[in-house]
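Asks: the sequence and its predicted three-dimensional model are supplied below.
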Amino acid sequence: MNPSTAILWFRQDLRLTNNPALTRALASHQYVIPVYIYAPCESQPWAHGAASRWWLHHSLESLNKSLHERGSRLIIRQGNDSLAILKKLSEQSNATHIYWNRLYEPAHIKRDKYIKQALRAQSISTHSFNSTLLNEPWQITKADGSPYKVFTPFWKACVQSGLPMSEHLAPCVFPEISSNIKSAKIESLQLLPHIRWNMPFSSIWHPGEQGAQTHIEQFLSNAATCYKNDRNHPDVTGTSMLSPHLHFGEISPQQIIAKTNQHININKQPGIIENTDVFIREIGWREFAYYLLYHYPLTTEKALHDKFSHFPWEKNYSQNLEAWQKGLTGIPLIDAGMRQLWHTGWMHNRVRMIVASVLTKNMLIPWQEGAKWFWDTLVDADLANNTLGWQWTAGCGADAAPYFRIFNPVIQSEKFDLQGKYIRQWIPEIAKLPNKYLYQPWSTPTSIMHECAIKLGTDYPKPVIDLKETRSRALQKYSVIK
DNA sequence: TGAAATGTTGGGGCG
DNA sequence: ACGCCCCAACATTTC
């Protein structure tokens, strides 16, 4: 063992298990100093949104607690220059090596490259690892060397190359940290929102590595056997809800695959393979999103396909945008989804597709507006996934939905919110309506409206758009650039 | 992981 | 019994 000191720079890998940078740092150095640097300006324009900051706060606390239990602690630093902070910390601690796991957001790649060079010039050696993806984005290419643009062949190539899985355990004990290394308090980062939320959040979410582990165990034993079907129903806990844990690296895709396979081997329920394959495929979509972001870094801001640069989006859309954001469009499924997002920091994936379809196609509002709102309100806001998702629905990205694929929120709620449970949960003001009209209150006969004592436009908005009319308008505008 | 329009089929009501 | 119409149910095509 090298009697030297190393810095372990935590970023979006807030876990102690299956963490390559951590494992290597501990294996090679006598002293290891874990640090988290909060430098939001280095992530611009995609610094953590409000919901993500709430999550980050609690995840850092959880990580710090785990480190304490093992004889160490998390050093917190804040600033606008990670390089300067790392340099200062290495001077204070005589660290000669810095370890981290790689990031893939364009701004972070650029920053990390710069930091790596600068530190090398100062004879501080840097060691970076992959802890986030199954494969590095540059490892998977088509036969001619160019990147895949379609999911299915991409995922086939990933599966063929073998899905890595591993379950490295956390080291039981960390080296102690000298008391003259000071840390800022997590509270001083002011990550918690001042006014809204955070009360309902903590009853739903348990940020941190332990929370992620309990969560996946629960998912595998409860929902995994019917995932293929249940994941489509927003009124059921049919999805894994692991996304925020994955985003902050509290669990790795390798661990998810390993746990899933373990579960299959122990519980040989009928249909388990069929269902878990669909689940692991979703990990594949995340992988594909990171892959595309790496190869097409400009897609966070603009459409992958140039022909969209002159797309006739609406100009004066602020009223519709606001109605969409607040969950007051008058279209129940849309409003239910947008309110779930606001109140829980999360929205069921099928509903995400539908609200995105309404924003980009029925309202003809630029997808970037939707991406920005999701970024601020989702606890799982992830630049790669968010970009892929929005370009997919807007039909302007790689392997995008065809332009004519326009969701009808009424039909979708009839199909997937069978009892109207989801809508009633989030829109109590129309809960009394019989199912038939719950999905489209505007077509309720006045007698029934009267019976239920609901007045449209007063208790619940009249629809801000006409679904039929806006659908044909979208078809017409999209067909011009197809 | 789309919806709507259009086409086809077959059962039942009816004269 | 037969032809005709209607329409639900399903299939195909189109955007």
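Replies: That came through fine.

Asks: mind checking the longest helix of chain A?
Replies: Scanning chain A for the helix with the most residues, using DSSP state H, yields helix A:272-295.

Asks: and it, anywhere near DNA strand B?
Replies: Yes - against DNA strand B, helix A:272-295 shows contacts by CB under 7 Å from any atom of the strand at A:Trp285. The C-beta positions use only the backbone N, C-alpha and C, and glycine is treated the same way.

Asks: what's the mean pLDDT across that helix?
Replies: Across helix A:272-295, the average pLDDT comes to 95.

Asks: check which element follows it along the chain.
Replies: Sequence-wise, the next helix or strand downstream of helix A:272-295 (DSSP states H and E) is helix A:318-326.

Asks: what's that following helix packed up against?
Replies: Here helix A:318-326 touches helix A:332-344, going by 3 or more CB pairs under 8 Å, 6 or more residues apart in numbering; DSSP states H and E.

Asks: so what's the closest residue to DNA strand B within the stretch 51-200 of chain A up against?
Replies: Distances between the stretch 51-200 of chain A and DNA strand B by CB to the nearest atom of the strand are smallest at A:Phe151, namely 7.2 Å. Neighbour list for A:Phe151: A:284-285, A:288, A:399 [criterion: CB atoms under 8 Å, 6 or more residues apart in numbering].

Asks: which of the residues you listed lies closest to DNA strand C?
Replies: Out of these, the member with the shortest distance to DNA strand C (by CB to the nearest atom of the strand) is A:Asp399, at 16.8 Å.

Asks: what number of residues lie near the closest one?
Replies: Taking other CB atoms under 10 Å as the neighbour definition, A:Asp399 ends up with a count of 18.

Asks: and it, that's in a strand?
Replies: No - A:Asp399 is assigned coil when assessed by DSSP: H, G, I helix; E, B strand; the rest coil, not a strand.

Asks: check contacts around it.
Replies: Counting by CB under 8 Å, 6+ apart, A:Asp399 has contacts A:149-151, A:288, A:392.

Asks: which of those fall in strands?
Replies: Among the contacts of A:Asp399, no residue falls in strands (DSSP state E).

Asks: scan these and report the most crowded one.
Replies: A:Phe288 (25 neighbours).

Asks: and the strands in chain A?
Replies: A:2-10, A:29-38, A:75-78, A:95-101, A:125-129.

Asks: tabulate those (JSON lines), appending mean pLDDT.
Replies: Formatted as JSON lines, these follow (pLDDT from 0 to 100):
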{"stretch": "strand A:2-10", "mean pLDDT": "90"}
{"stretch": "strand A:29-38", "mean pLDDT": "97"}
{"stretch": "strand A:75-78", "mean pLDDT": "98"}
{"stretch": "strand A:95-101", "mean pLDDT": "97"}
{"stretch": "strand A:125-129", "mean pLDDT": "97"}
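
Asks: so which of those gets nearest DNA strand C?
Replies: Comparing the strands of chain A by CB to the nearest atom of the strand, strand A:95-101 comes nearest, at 43.3 Å.

Asks: in the stretch 201-350 of chain A, what residue lies closest to DNA strand B?
Replies: A:Asn232 (4.8 Å).

Asks: neighbours of that residue, how many?
Replies: 16.

Asks: give me the phi and psi for the closest residue to DNA strand C within the stretch 351-482 of chain A.
Replies: Here the stretch 351-482 of chain A gets closest to DNA strand C at one residue, A:Phe404, 3.7 Å apart by CB to the nearest atom of the strand. For A:Phe404, the backbone dihedrals (degrees, to the nearest 10) come out as phi -90, psi 0.

Asks: grab the nearest non-local neighbour of it.
Replies: Nearest non-adjacent residue to A:Phe404, counting by CB to CB, 6 or more residues apart in numbering: A:Leu475, 6.2 Å away.

Asks: Throw the contacts of A:Phe151 into JSON lines and include distance to A:Asn320, thanks.
Replies: Below are the contacts of A:Phe151 laid out as JSON lines (distance: CB to CB, whole Å):
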{"residue": "A:Gly284", "distance to A:Asn320": "34"}
{"residue": "A:Trp285", "distance to A:Asn320": "29"}
{"residue": "A:Phe288", "distance to A:Asn320": "31"}
{"residue": "A:Asp399", "distance to A:Asn320": "28"}
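
Asks: rewinding a little: so the residue of the stretch 201-350 of chain A closest to DNA strand B touches A:Cys226, yeah?
Replies: No - contact criterion CB atoms under 8 Å: A:Asn232 and A:Cys226 do not qualify, at 10.6 Å.

Asks: who touches both of these two?
Replies: A:Gly238.

Asks: returning to that earlier point: let's have the contacts of A:Asp399 in a markdown table, adding distance to A:His108.
Replies: Listed next are the contacts of A:Asp399 as a markdown table, based on distance: CB to CB, whole Å:
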| residue | distance to A:His108 |
| --- | --- |
| A:Lys149 | 23 |
| A:Val150 | 26 |
| A:Phe151 | 24 |
| A:Phe288 | 19 |
| A:Trp392 | 23 |
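
Asks: show me these that map onto helices.
Replies: A:151, A:288, A:392.

Asks: how far away is A:Thr299 from A:Trp390?
Replies: 10 Å (CB to CB, to the nearest Å).

Asks: shared neighbours, the two?
Replies: In contact with both A:Thr299 and A:Trp390: A:Gly397, using CB under 8 Å, 6+ apart.

Asks: more neighbours: which of those two?
Replies: A:Trp390 (27 against 22).

Asks: okay, now the unreliable bits of the stretch 51-200 of chain A?
Replies: For the stretch 51-200 of chain A, the stretches with pLDDT under 70 are A:167, A:195-199.

Asks: taking it, what residue is nearest to DNA strand C?
Replies: For the stretch 51-200 of chain A, CB to the nearest atom of the strand, closest residue to DNA strand C: A:Val150, 18.2 Å.

Asks: so that residue touches A:Ala398, yeah?
Replies: Yes - look at A:Val150 against A:Ala398 with CB under 8 Å: they come within range, at 7.1 Å.

Asks: re earlier: with distance to DNA strand B and mean neighbour count added, can I get the strands of chain A in CSV?
Replies: CSV is the format used below for these (distance: least, CB to the nearest atom of the strand, whole Å; neighbours: other CB atoms under 10 Å):
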stretch, distance to DNA strand B, mean neighbour count
strand A:2-10, 31, 20
strand A:29-38, 34, 22
strand A:75-78, 38, 20
strand A:95-101, 27, 23
strand A:125-129, 29, 16
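
Asks: need the ones you listed in a markdown table (columns: distance to DNA strand C).
Replies: Putting the strands of chain A into a markdown table (distance: least, CB to the nearest atom of the strand, whole Å) gives the following:
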| stretch | distance to DNA strand C |
| --- | --- |
| strand A:2-10 | 48 |
| strand A:29-38 | 48 |
| strand A:75-78 | 52 |
| strand A:95-101 | 43 |
| strand A:125-129 | 45 |
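
Asks: ok, the residue of the stretch 51-200 of chain A closest to DNA strand C - contacts?
Replies: If you count contacts by CB under 8 Å, 6+ apart, then A:Val150 has A:398-399 around it.

Asks: next one: it from A:Leu293, what distance?
Replies: 16 Å.

Asks: what of A:Ala51?
Replies: Taking CB to CB, one finds A:Ala51 at 20 Å from A:Leu293.

Asks: cool, A:Glu91 as well?
Replies: 35 Å.
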